[in-house]
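Asks: Give me the fold of what follows.
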Amino acid sequence: MGGYMAAVSAAHTAGPLGCAVLAAGDSAAPVYTRCKLSLAIPFNRLHRPGQRPDEEQGKAFVREILERGALRTMPVPTQPRACVVVCLTEDGYVPTSECEALVRHWSGSELRTLQTGH
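Replies: Sure thing, here's the model as predicted:
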């Protein structure tokens, strides 16, 4: 989550700032609901009050909470051209689509890819 935290810091820094976002994307939701980390979460135990425990309901609950912290809901850095987002093509944790979504939100930033895992 270090890359995500670097991106959050860049989004909330008022002045010009260069930023390298490594192996992070727009949202943590897919990391915890679709990728490798999702295998460690007992989604059938997580649900909204009043709902019956169910794996899909649990994933939806976690997704809803994590989407609130998506970088697309935050300001674009003042100097997006000084920001580089590095995506790992064989990453089992952060989907490539999430890196691409961040670069679309930070229009002018640069996307670099490395053929390696997390």
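Asks: Near C35, how many residues? Count them for me, please.
Replies: Applying other CB atoms under 10 Å, we find 16 residues neighbouring C35. Placement of C-beta: from N, CA and C, glycine included.
Asks: For it, give me the pLDDT.
Replies: For C35, the pLDDT comes out at 92.
Asks: Find the residue closest to it in space, skipping its chain neighbours.
Replies: Of all residues not flanking C35 in the chain, Y93 sits nearest, at 5.2 Å (CB to CB, 6 or more residues apart in numbering).
Asks: List the contacts of that neighbour.
Replies: Residues near Y93 by CB atoms under 8 Å, 6 or more residues apart in numbering: 23, 31, 35-37, 118.
Asks: which residues does the residue most central in space within the chain contact?
Replies: Closest to where the C-alpha atoms of the chain average out (CA atoms, centre = their mean) is S27, at 2.8 Å. Neighbouring residues of S27 by CB under 8 Å, 6+ apart: 66-67, 69-72, 98, 101.
Asks: circling back: in which helix or strand would I find the residue nearest to C35?
Replies: Using DSSP states H and E, Y93 sits within no helix or strand.
Asks: And for S107?
Replies: Counting by DSSP H and E, S107 is found in no helix or strand.
Asks: P16 touches C83, doesn't it?
Replies: No: here P16 lies out of contact with C83, judged by CB atoms under 8 Å, at a distance of 10.7 Å.
Asks: Give me the more crowded residue out of the two.
Replies: Neighbours were counted for P16 and for C83 using other CB under 10 Å; C83 has more, 23 against 10.
Asks: so that one bridges to which residues?
Replies: C19 (DSSP bridges).
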